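J.: Generate a structure from the sequence data that follows.
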Amino acid sequence: VQCGDDLTSEQIAEVKGLVAEYTNIFACSLGEVIPVPGAIYQLNIPEGMTFNLWIQQRPLTPLQQQFLHGKVDEMLKAGIIEHTPPELVKCCATMVLAKEAH
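T.: The predicted model follows:
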């Protein structure tokens, strides 16, 4: 966590105190994210429903590929996502990488 130059010393001390107090909610990596016990995401898709399996993905630049593959590897390692055999894929969608505003 970084504090901007526009904060007073008292505000910086307050921010540092909050970060120290709630350090468990400030994850530095995806692997440090603590899952919510019992949280389940259920998709209610009617039986027999079909979705698009062919997408018009814009090619990624080498830097975008490197970034994306790194994030996918990080999520796999953290157990956030898992490998799925192609025959089990039910839907595909395009992906857009966007730069952060700051």
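
J.: make it CA atoms for all contacts and neighbour counts henceforth
T.: OK.

J.: can you give me the helices for the protein?
T.: Using DSSP state H, the helices of the chain run over 9-21, 62-78.

J.: Buried residues, the last one. List them.
T.: Same thing as helix 62-78. By neighbour count on 16 or more other CA atoms under 10 Å, the buried set for helix 62-78 is 74, 75.

J.: same question, the shortest one
T.: Of the residues in helix 9-21, those with enough neighbours to count as buried (16+ other CA under 10 Å) are 12, 15, 16.

J.: got the contact list for residue 19?
T.: Neighbouring residues of residue 19 by CA atoms under 8 Å, 6 or more residues apart in numbering: 1, 26.

J.: Can you flag the weakest of the helices of the chain by average pLDDT?
T.: Mean pLDDT values for the helices of the chain show the minimum at helix 9-21, a mean of 88.

J.: quick one: that one to chain centroid distance?
T.: Relative to its parent chain, helix 9-21 has a centroid offset of 26 Å by CA atoms, centre = their mean, to the nearest Å.

J.: And the average pLDDT for stretch 28-47 is what?
T.: The average pLDDT within stretch 28-47 is 80.

J.: Now do stretch 89-99: everything it contacts.
T.: By CA under 8 Å, 6+ apart, the list of residues contacting stretch 89-99 reads 50, 51, 52, 53, 54, 55, 56, 57, 64.

J.: please redo it, this time with the cut-off set to 6 Å
T.: For stretch 89-99, the surrounding residues in contact (CA atoms under 6 Å, 6 or more residues apart in numbering) are 51, 52, 53, 57.

J.: from the residues you listed, which is closest to residue 7?
T.: Among those, residue 57 lies closest to residue 7 (CA to CA), at 42.9 Å.

J.: what's near enough to touch the closest one?
T.: For residue 57, the contacting residues are residue 94, by CA under 6 Å, 6+ apart.

J.: now with 8 Å?
T.: Shown in contact with residue 57 (CA under 8 Å, 6+ apart): 94, 95.

J.: again, but for residue 78
T.: Residues near residue 78 by CA under 8 Å, 6+ apart: 30, 31.
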